[in-house]
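K.L.:
Sequence plus predicted model, see below.
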Protein chains: 2
Amino acid sequence: MTATPLSLSPSTSPILQEIVRQIRAADPYGTYRTWADELLLKPFVVSKAQKRQIAVEGEVDPIVRGRILTYYRAIAALIEKETGLLAQVVLDLNGEGFGWVLIFSGRLLLLVNTLRDAHRFGFDSLETLTEKATALIEKGIQLAQTYPEVGRL
Amino acid sequence: MTATPLSLSPSTSPILQEIVRQIRAADPYGTYRTWADELLLKPFVVSKAQKRQIAVEGEVDPIVRGRILTYYRAIAALIEKETGLLAQVVLDLNGEGFGWVLIFSGRLLLLVNTLRDAHRFGFDSLETLTEKATALIEKGIQLAQTYPEVGRL
C-alpha cells in the first residue's frame, strides 16, 4: 500500500480550489456533489511508480485529457482573475501523447507548454502541483502586465 | 459532372507553391513524385454541393486533419520567410470538428482561427484559397512587425 501524499488542503491553495471549482462546474449530473475536495484532487497525484505502470502507447485516455484541460483551465482562470483578461486554453495532443498546451489572451501567449507522455499526467504531490501551477500563473500575469496591449488585441 | 475550378496555377501563387512543397516534403515513400502540382492541390477545393454531402458527425478524417495542417503550415512558412521568425502551428480539434488553429512565434500569436465543420475543410476555388491565405499571411506579418519583441521572446 502506498499512501499518496495529500497533506496540502485545497483551502490553502488557490489553484487546488480552482481545480475543484472547475470539476464541480462541469458536473451536470451532480456526480461529485457528495465527494470531498480531496477525493476530486486525488487523480492529479500520480507517483513515479504509478507512472511507470501506465502505458504510453495509443491515444491518451479521454479522462486524462479532461484532467489536463482542467489543470490548465484552472491556471487560465487564476490569470484571468488577476489581470482581467479573458484567457483561452488550447490543447493539441497527437495520438502518442505528445503535444502543446497554450493559454492565450488577445494575441498574447500567457503560457506555452510542450507535453510528452501525457498518458502519465500527474504530480508527485499536491504541493508540487501547487508549486508548478503558481510559477506558470506568475509568469502569465507578468507577461500580461508587460504587454497589456497585445493581450487586449 | 461538376468541373472544379482550378484555373489558378501554383506557379503564380506563393501559397499554392508552399502547400505543394509541404506535401512533397512529407512524402517519405515518393507517392506523389509523379503527381502534377494541380493534382496535389485538388483536394483543397471543395464546392458547396460537395460540402453538403460530407457528414459532420464524429471525428474529423485524419486525411482532412492533415490537409488543414498543411494549409496552416504553408501560411506559417510564408510568415517565417518574410519575418525571420520561427512559427509553430497548433491545431486543437474536438470530436465534432470544432476547434482552434493557432500560429505563434515566441509569445506572439500570428494567427488565431476558430474552426467549425472541419470535416468539410476546403475552398470554393484555388483563387479563394490564395485570397484568404494571403490576408492571413499579411495580418501575421503585420503583427510580427508591430510586436517584434513579443515574437522573439
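P.N.:
Looks like it arrived, so ask away.

K.L.:
hey, C-alpha coordinates of stretch A:53-67 in CSV?
P.N.:
Output of stretch A:53-67 as CSV, limited to C-alpha atoms (Å, rounded to 0.1, in the frame of the first residue of the first chain):
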residue,chain,number,x,y,z
GLN,A,53,2.7,1.3,-14.9
ILE,A,54,0.8,3.5,-17.3
ALA,A,55,1.4,2.5,-20.9
VAL,A,56,2.3,5.5,-23.2
GLU,A,57,1.0,3.8,-26.3
GLY,A,58,-2.1,4.9,-28.3
GLU,A,59,-4.4,7.7,-27.7
VAL,A,60,-4.5,9.5,-24.4
ASP,A,61,-7.5,8.4,-22.3
PRO,A,62,-10.3,11.0,-22.6
ILE,A,63,-10.5,11.2,-18.8
VAL,A,64,-6.8,12.0,-18.6
ARG,A,65,-7.2,14.5,-21.4
GLY,A,66,-10.0,16.1,-19.5
ARG,A,67,-7.8,16.2,-16.4
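
K.L.:
quick one: is that stretch near chain B?
P.N.:
No: figure legend: stretch A:53-67 not in contact with chain B (C-beta under 8 Å from any C-beta of the partner chain); closest approach 9.0 Å. The way it works is simple: take the backbone N, C-alpha and C, and place the C-beta from them, glycine included.

K.L.:
before we move on, what about stretch A:92-100?
P.N.:
Yes: using C-beta under 8 Å from any C-beta, stretch A:92-100 reaches chain B at A:92, A:100.

K.L.:
A:Leu111 versus the residue most central in space within chain A, what's the distance?
P.N.:
By C-alpha atoms, centre = their mean, chain A has its centre lying nearest to A:Tyr71, at 1.4 Å. According to C-beta to C-beta, to the nearest Å, A:Tyr71 and A:Leu111 sit 11 Å apart.

K.L.:
Likewise for A:Lys81?
P.N.:
Distance from A:Lys81 to A:Leu111, by C-beta to C-beta: 15 Å.

K.L.:
Between these two, which has more neighbouring residues?
P.N.:
A:Leu111 (20 against 14; other C-beta atoms under 10 Å in any protein chain shown).

K.L.:
which regions of chain A sit below the pLDDT cut-off?
P.N.:
Across chain A, the ranges flagged by pLDDT under 70 are A:1-9.

K.L.:
residues in it within reach of chain B, list them.
P.N.:
A:88, A:90-92, A:100, A:102, A:104, A:106-109, A:112, A:143, A:147, A:150.

K.L.:
what about 10 Å?
P.N.:
A:62, A:88-95, A:99-102, A:104-112, A:143, A:146-147, A:149-151, A:153 (C-beta under 10 Å from any C-beta of the partner chain).

K.L.:
Which members of those residues are classed as buried?
P.N.:
By neighbour count, with 16 or more other C-beta atoms under 10 Å in any protein chain shown, the residues of chain A next to chain B hold A:88-93, A:99-102, A:104-112, A:143, A:147, A:150-151 as buried.

K.L.:
Can you tell me the SS state at the closest residue to A:Asn113 other than its chain neighbours?
P.N.:
Using C-beta to C-beta, 6 or more residues apart in numbering or on different chains and skipping the chain neighbours, the partner closest in space to A:Asn113 is A:Val101 (4.8 Å). Secondary structure, DSSP: H, G, I helix; E, B strand; the rest coil: A:Val101 is strand.

K.L.:
does A:Val101 really touch A:Thr114, like I thought?
P.N.:
Yes: with contacts counted by C-beta atoms under 10 Å, A:Val101 reaches A:Thr114, the gap being 8.1 Å.

K.L.:
Kindly indicate whether the residue nearest to the centre of chain A is helix, strand or coil.
P.N.:
Taking three-state DSSP, the label given to A:Tyr71 is helix.

K.L.:
can you tell me how far it sits from chain B?
P.N.:
16 Å (C-beta to the nearest C-beta, to the nearest Å).
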